[in-house]
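**Q** No letters, just coordinates:
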């Protein structure tokens, strides 16, 4: 049986990191984790572009617009939505996830979902580089694998 899968080497890629300014104290750690991971896997720092969006609600439109340029091989979407005492969390987190997925399929471009959706600030901190690793780095790994896999298909 023939098996196709991607790997984590990508020396000839252009990647956009789209990151929110909202909850920057968390998101900046995700950006650092993604950048470090990509560089450790052979992506040149000059092949990375950081694009800032106000918040998670705006990420899908930014992702779609960036994908439409044709200038990038993939996108890592980074943000943080922390549950509060109102239903606002569900609206923002759900529409962000749905919109990122739609942008990826609409444009045929891999977009890694590195948006934290947590119940507490402590959970967000854990996922931005402490106990639970750095989810920005994990999203970057997923993106590298998807770029490689799509090139093989």
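**A** Now that the structure is in, tell me what you want to look at. Everything numeric in this text was worked out from a predicted model, so none of it was measured.
**Q** So in this protein, which helix runs the longest?
**A** Once the chain is assigned using DSSP state H, the helix that runs over the most residues is helix 88-107.
**Q** buried stuff in that helix?
**A** Under the neighbour-count criterion of 16 or more other C-beta atoms under 10 Å, helix 88-107 has 89, 92-93, 96-97, 99-100, 103-104, 107 buried. (C-beta placed from N, C-alpha, C; glycine too.)
**Q** Distance of the spatially closest residue to residue 127 that is not a sequence neighbour relative to residue 129?
**A** Sequence neighbours aside, residue 135 is the residue nearest to residue 127 in space, at 4.8 Å (criterion: C-beta to C-beta, 6 or more residues apart in numbering). Going from residue 135 to residue 129 by C-beta to C-beta, to the nearest Å gives 9 Å.
**Q** out of those two, which sits in the busier spot?
**A** residue 135 (24 against 18; other C-beta atoms under 10 Å).
**Q** quick one: that one and residue 113 touch, right?
**A** No. Applying C-beta atoms under 8 Å as the test, residue 135 and residue 113 come out as separate, 9.4 Å apart.
**Q** can you pull the contacts of residue 27?
**A** 19-21, 78-80, 128 (C-beta atoms under 8 Å, 6 or more residues apart in numbering).
**Q** need those in JSON lines with pLDDT, secondary structure and distance to residue 149, can you?
**A** Converted to JSON lines, these look like this (pLDDT from 0 to 100; DSSP: H, G, I helix; E, B strand; the rest coil; distance: C-beta to C-beta, whole Å):
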{"residue": "19", "pLDDT": "98", "secondary structure": "strand", "distance to residue 149": "24"}
{"residue": "20", "pLDDT": "98", "secondary structure": "strand", "distance to residue 149": "27"}
{"residue": "21", "pLDDT": "98", "secondary structure": "coil", "distance to residue 149": "32"}
{"residue": "78", "pLDDT": "98", "secondary structure": "strand", "distance to residue 149": "21"}
{"residue": "79", "pLDDT": "98", "secondary structure": "strand", "distance to residue 149": "25"}
{"residue": "80", "pLDDT": "98", "secondary structure": "strand", "distance to residue 149": "27"}
{"residue": "128", "pLDDT": "96", "secondary structure": "strand", "distance to residue 149": "27"}
